[in-house]
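Student: Sequence and predicted structure, then a few things I'm wondering about:
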Amino acid sequence: MAEDGNKQDRQAQQKMMQARAMQQQAQQLEGQLQAIQTALSEVMQGLESVKALKNEKELLFPLGGGAFVKAGKSDDKILYDVGAQIIAEKDYDSVISSMEERRMELENALKNAGANLNALVKRAQQEQFQ
């Protein structure tokens, strides 16, 4: 009988360890979701700004504290981070296209991370009732 009690204790400990591992995975996935959502928000905001600036001749840049500086565009090029901290001069349409691609990649990553989190939650619920 003592053996049955030890077996049940081991099984309970194993379930607790599995539950903790799943909880840690869920927290990691939630962190990924938040990071992806932040990046997506930044890309969307940047995309809107680039589209709005495309046809403007004069721009206002916020300095902080309610102060702005006026600046004029010298040409139809914009500096864009193409990755690995490499900045390239590109035309507005190329930047818009690149940002649209990035937006789609982030939306797919967000969808996949959400699906992974939902699958983990479902698996955790199934484990709980076994």
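Tutor: Thanks, I have the structure now.
Student: Just the strands from this protein, written as ranges.
Tutor: Listed in chain order, the strands of the chain (DSSP state E) span 58-64, 67-72, 77-83, 86-91.
Student: Throw those into JSON lines and include mean pLDDT, thanks.
Tutor: Formatted as JSON lines, the strands of the chain follow (pLDDT from 0 to 100):
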{"stretch": "strand 58-64", "mean pLDDT": "85"}
{"stretch": "strand 67-72", "mean pLDDT": "87"}
{"stretch": "strand 77-83", "mean pLDDT": "87"}
{"stretch": "strand 86-91", "mean pLDDT": "92"}
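Student: Among those, which comes closest to A12?
Tutor: strand 77-83 (49.0 Å; CB to CB). Yep, even glycine has a C-beta here, placed from its N, CA and C like the rest.
Student: Output stretch 89-99 in CSV, but only the C-alpha positions, please.
Tutor: Extracted C-alpha coordinates of stretch 89-99, given in CSV (Å, rounded to 0.1, in the frame of the first residue of the first chain):
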residue,chain,number,x,y,z
GLU,A,89,18.2,55.4,-49.3
LYS,A,90,15.0,54.3,-51.1
ASP,A,91,12.1,55.9,-52.8
TYR,A,92,8.8,56.2,-51.0
ASP,A,93,7.1,53.5,-52.9
SER,A,94,9.9,51.0,-52.2
VAL,A,95,9.7,51.8,-48.5
ILE,A,96,5.9,51.5,-48.5
SER,A,97,6.2,48.1,-50.2
SER,A,98,8.9,46.9,-47.7
MET,A,99,6.8,48.1,-44.8
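Student: I'd like the distance between I87 and V43.
Tutor: Plainly put, I87 is 17 Å away from V43 if you go by CB to CB, to the nearest Å.
Student: for L120, same thing?
Tutor: Distance from L120 to V43, by CB to CB: 26 Å.
Student: neighbour count winner among those two?
Tutor: V43 (20 against 16; other CB atoms under 10 Å).
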